[in-house]
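1. Take a look and give me a structure for this.
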Amino acid sequence: MVLINEQILIYALLGILILVLLWIIRLEFKFSRLLRGKNAKSLEDTIAQLGREVSGLHLSQKQIEEYLVKAEQRIRRSVQGMSTVRFNPFKGTGAGSNQSFATALLNENGDGVVLSSLYSRERVSVYAKPVKKFSSEYELSGEEKQAIKSARNFNE
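-> Numbering: from 1, shown residues only. All right, here's what the predicted structure looks like:
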């Protein structure tokens, strides 16, 4: 009875030994594929090169982030909303038709200009009024206010 247990134990250990040898051979094959054409020096150079490339990527990322911050600042100052309202300032007289207009050109903060033109058969008058925070220190006509309101809602 003891002999059978020893034989089973020997076969079990032999099976485990074969599995371990197969596992080692498999790992050796994978390792040799990984290092194909490389030696310890060239592998170290490859790792150092990858480190330099990662550092370069971090530098590029930082430069891109700085550029995007500057671009965002420029975009905020650029015209974001615009609207034109056409109207007849001389209703009933037949002197103007709908050739008159008020155009608002505003940035994201509501700063910009409202341009107005009054057209009649005898002359054309053009006015420009500065706009700060969607209002002006100059008196605005109803059409100019409407153009500013429409320009404010331009991107919504």
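2. what mean pLDDT does the helix ranked longest in the chain have?
-> With secondary structure taken from DSSP state H, the chain has its longest helix at helix 40-77. Averaging pLDDT along helix 40-77 gives 87.
3. From the structure, what's the count of residues near Met82?
-> The local packing of Met82 (other CB atoms under 10 Å) involves 14 other residues. Every C-beta, even on glycine, is put in place using the N, C-alpha and C of the backbone.
4. pretty sure it contacts Val113?
-> No - Met82 lies out of contact with Val113 (CB atoms under 8 Å); the separation is 10.5 Å.
5. what sits in contact with each of the two?
-> Any residue near both Met82 and Val113 by CB atoms under 8 Å, 6 or more residues apart in numbering counts here, and that gives Ala104, Leu105.
6. what about Pro130, which SS state?
-> What DSSP: H, G, I helix; E, B strand; the rest coil gives for Pro130 is strand.
7. Next up, the contacts around it.
-> Taking CB under 8 Å, 6+ apart, we find Pro130 in contact with Gly112, Val113, Ser136, Glu137, Tyr138.
8. All set now, cheers.
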